[in-house]
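Participant: For reference, the sequence and a predicted model appear below.
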Amino acid sequence: MKAEAGGTYYKDLPVSISKEINKMTELGYLNGYKDKSFKPYRPITRAEVAASLVKALKLPKPKSLTGFKDVTSKNPNASAIYALKEQGLFSGENGRFYSGKSFTREQAASILARGFKLKDNGIQAVYQDEAVISKTFLADTKAMKQHFIVTESNFKPNGFVTRAQWAVWLYRALEIDFKKDGQIPLDHFFKQPEKDQFSVSPNGEYIAFVQPWENRLNIFVQKSGEKEAKRITSEKDRDIMYFTWKNNDKIVYVKDNGGDENFHIFIANRDGSGAKDMTPFPNTLAWPLDELESQPDEILIQMNQRNPAFFDVYKLNIRTGELKMAAENPGNITGWLTDHKGDVRVAVVSNGVNNQILYRETIEKPFQPVMSTKFGDSFTPVMFTYDNKKLYVISNVGRDKAALELFDPTMKKVTETIYENDQVDVLSFIPDEEKGIAAVLYETDKVQFHYMDQEYEELHKKLMNKLPGKQVSFGKVNKESTKLMVRTWNDKSLGTYYFYDPKEDRLEKIADVTPWLNESKLADVEAISYKSRDGLTLHGYLTLPKGVPAKNLPVIINPHGGPWARDSWGFNPELQFLANLGYAVLQVNFRGSTGYGKAFMDAGNKQWGKAMQNDLTDGVQWLIKEGIADQKKVAIYGGSYGGYATLAGLAFTPDLYAAGIDYVGPSNLFTLLNSLPPYWESERRMFHERMGDPVKDKDLLEEISPLFHVDKIKAPLFVVQGANDPRVKKAESDQIVSALRERGVDVPYMVKDNEGHGFYNVENQLDFYKGMEKFLHYSLKR
């Protein structure tokens, strides 16, 4: 059958489904009638289902053409019917197939779901008429909704499936809209690194790294000069996110359980033997504090076993497992710092509003207060000087932008301002044992370097010239070696590891982290700025789809989490994934974000859902004014605070967004504040000052909690949550979903039982982003 002008084959197709029916005809899966009609509302016959499905699934010919009394080998659809029977998709009734009869919707859905092997992806699919769906078919009908093949609230299971409905279902099951020429496969963006986190043993003889095994990042060790690496861990439930050499024979690593963030400390031998949990205590979080390089069998850890609300410091013997208290927390200490000998000599006391720095000259002496700060001021001891007498601190006390300073704890005062920037806060610094500070880092649109040492400056610039288009960091392979390990990255790649020999001026590639990504096909992440409605200059990033004019584009507003954090330039797989689908993505460092000074952060105090949200709204209006955004196709997606901003955007500016995706975001600020992790208890007053006090600011919190404004939400919403989230409890998502469903609003709700505050297991990430792709596509009617 030939298509007429405009690409249509039939004269009787509704515009809303003509694309799907025409495509099924073009592929030869479905045919119309001689009068050029399709008869979309006629029930489709079982034979027609068989003929179309066997082609769509590309099934082999059946081994036998027997099994149904009413389907002989002469039946034109016999091959299709028996091919599907052999796959277990057709069973017939009383030994007959009944080719001319129709399937009910639940029968047809079950056949399609089983044929395409639709798995449970964690979306809690709900139908309003679920009670009348047969138990036999319930899981399959839910799978249809989980995969966005069916989007209706009522399934009508006992009605006959029409030719149009079957065409649309088949089209969506084939994911035709998501298989465009030149489009990069989804899993390329979220694939685990091929190799990452390279680290050389103290004697320089071995190199350790993480690499996927059984779908999880595990530690491998390779001897210098050998080609093969040996896997030394066998973790199958969670990736290993951090490890370090303790000595030449043992590696320390940390891992939590299902995203609960109760990290435990493990020890593994270099040869792969003896992997052991050294902190096997329930409901306990432990983390390394100091590797104690001079003590071969001991490390310092901080752990909240004694009281879940605060952390003591212990000395852990990695051979015997013995734990000795090194510094006992009286209950108000929120941070510890060791000197270069591994002695705990600084403690930070905080009630969430006012902080105090405690110091002791030796571990035999008691801690004494040496510095106090009020709310809004930050004074962060980062490192002792190498003579262990003074402290490098990053502080905004007495200024707006945080500076790097030298603090003398015996004199109880700052003795030198090493570097300050009048535009942004100091981020960090590069220490040097011989020269103190090699460079100070600060972040504008990208991380910038203020060099303090000429040799470091020359070396850094030389490496950047050798590796153009990349950000470059490096450090000594170990204390004795002059060889360096170099890491590169940019906005299109997680980069490459190299060894660099300064004497020979030679780079040796170790490994590409994401070698399957072709940078030439990926999008640029560009720095942007615009003015808020009240005159603040807001900075952020705009990622535009590659090779597409920046005009009338569908747009995703992507607010960051925190909210006391910021977006930064670099490789972000979400940005590249969305740009690859044709979306522009705007990231805004709204007021309350870190890095832009005290006043900018304080401008976000008690402005959740208000001025902070207005900054995002103003970003949308800026994109519309610039002609970049199609104002009818603007969606909002974010995680954590960004999830809250998504809900707030849909509730407080309901005409602005066409869809929203809330990823582990709070919906009710009262219950959020009532369920903080125990070790955040010391920060409760900070939350009250920056977010709102549930007693003093009760009216404000009601006003800005999206849960209390669900009646205003009218755009489609997709909610995503980890069941073990210790920060934003699952109840936050449960509440908003329940409230909307009680109003008859259909909400796809994905929950993963082995995840916490965000998804880290790769199979869960793929389920989420595939769901995101389909949700955005159908919600924005692209």
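Facilitator: Arrived safely, thanks for sending.

Participant: secondary structure class for the residue lying closest to Asp697 once chain neighbours are set aside?
Facilitator: Once flanking residues are discounted, Asp697 sits nearest to Lys606: 6.8 Å by Cβ to Cβ, 6 or more residues apart in numbering. Quick note: C-beta positions are derived from backbone N, CA and C, even for glycine. Three-state assignment for Lys606 (DSSP: H, G, I helix; E, B strand; the rest coil): coil.

Participant: residues in contact with Lys606?
Facilitator: Residues in contact with Lys606, defined by Cβ atoms under 8 Å, 6 or more residues apart in numbering, are Glu689, Arg690, Met691, Gly692, Asp697, Leu700.

Participant: would TSV of those residues with secondary structure be doable?
Facilitator: Output for the contacts of Lys606, formatted as TSV (three-state DSSP):
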residue	secondary structure
Glu689	helix
Arg690	helix
Met691	coil
Gly692	coil
Asp697	coil
Leu700	helix
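
Participant: now, which of the residues you listed sits nearest Tyr9?
Facilitator: Tyr9 lies nearest to Met691 out of these, by Cβ to Cβ, at 57.6 Å.

Participant: count of neighbours near that closest one?
Facilitator: 24 (other Cβ atoms under 10 Å).

Participant: Over to the one 4 residues further on?
Facilitator: Val695 has 8 neighbouring residues, counting by other Cβ under 10 Å.

Participant: So it versus Gly376, what's the distance?
Facilitator: When distance is defined by Cβ to Cβ, to the nearest Å, Val695 is 22 Å away from Gly376.

Participant: Same check on Asn396?
Facilitator: Note on Asn396: its distance to Gly376, by Cβ to Cβ, is 8 Å.

Participant: more neighbours, these two?
Facilitator: Counting neighbours by other Cβ under 10 Å for Asn396 and for Gly376 shows that Asn396 has the greater number, 22 against 15.

Participant: returning to what we had before: okay, the contacts of Lys606 in CSV with pLDDT next?
Facilitator: Below are these laid out as CSV (pLDDT from 0 to 100):
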residue, pLDDT
Glu689, 97
Arg690, 98
Met691, 98
Gly692, 98
Asp697, 98
Leu700, 99
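
Participant: Could you identify which of those has the most neighbours?
Facilitator: Counting neighbours by other Cβ under 10 Å, Gly692 comes out on top of the contacts of Lys606 with 26 neighbours.

Participant: My read is that it contacts Ile704, right?
Facilitator: Yes. Assessed by Cβ atoms under 8 Å, Gly692 is found in contact with Ile704 at 7.5 Å.

Participant: Give the residues shared as contacts by those two.
Facilitator: Common neighbours of Gly692 and Ile704 (Cβ under 8 Å, 6+ apart) are Trp608, Leu669.

Participant: ok, which stretches of the stretch 351-500 of the chain are helices?
Facilitator: Taking DSSP state H, counting those that start in this stretch as the test, the helices found in the stretch 351-500 of the chain are 454-466.

Participant: where in it is pLDDT low?
Facilitator: Nowhere does the stretch 351-500 of the chain drop to pLDDT under 70.

Participant: The longest helix belonging to the chain packs against which elements?
Facilitator: Counting residues, the longest helix in the chain under DSSP state H turns out to be helix 762-779. Where contact means 3 or more Cβ pairs under 8 Å, 6 or more residues apart in numbering; DSSP states H and E, helix 762-779 is packed against helix 186-190, strand 629-639, strand 659-663, strand 717-722, strand 749-752.

Participant: CSV please, covering the ones you listed and showing distance to Met452.
Facilitator: Converted to CSV, these look like this (distance: least, Cβ to Cβ, whole Å):
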stretch, distance to Met452
helix 186-190, 38
strand 629-639, 37
strand 659-663, 40
strand 717-722, 42
strand 749-752, 46
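
Participant: So for Ala139, which of the ones you listed sits nearest?
Facilitator: strand 749-752 (16.3 Å).

Participant: residue contacts, Leu59?
Facilitator: Applying Cβ under 8 Å, 6+ apart, we find Leu59 in contact with Ala83, Leu84, Gln87.

Participant: so which strand or helix has the nearest residue to the last one once chain neighbours are set aside?
Facilitator: Leaving out its chain neighbours, the residue that sits closest to Gln87 by Cβ to Cβ, 6+ apart is Leu59, at 6.5 Å. Taking DSSP states H and E as the definition, Leu59 sits outside all helices and strands.

Participant: From Phe68, how far out is Leu59?
Facilitator: Going from Leu59 to Phe68 by Cβ to Cβ gives 17 Å.

Participant: Check Asn154 too.
Facilitator: Asn154 is 33 Å from Phe68, by Cβ to Cβ.

Participant: hmm, back to that, highest neighbour count among the contacts of Leu59?
Facilitator: Leu84 (25 neighbours).

Participant: helices or strands up against the one helix or strand that one maps to?
Facilitator: Per DSSP H and E, Leu84 falls inside helix 78-86. In terms of contacts (3+ Cβ pairs under 8 Å, 6+ apart), helix 78-86 is packed against helix 46-56.

Participant: packing partners for the helix it packs on?
Facilitator: Here helix 46-56 touches helix 78-86, helix 105-115, helix 163-173, going by 3+ Cβ pairs under 8 Å, 6+ apart.

Participant: Just send those helices back as a markdown table, with mean pLDDT too.
Facilitator: Output for the helices and strands packed on helix 46-56, formatted as a markdown table (pLDDT from 0 to 100):
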| stretch | mean pLDDT |
| --- | --- |
| helix 78-86 | 97 |
| helix 105-115 | 97 |
| helix 163-173 | 97 |
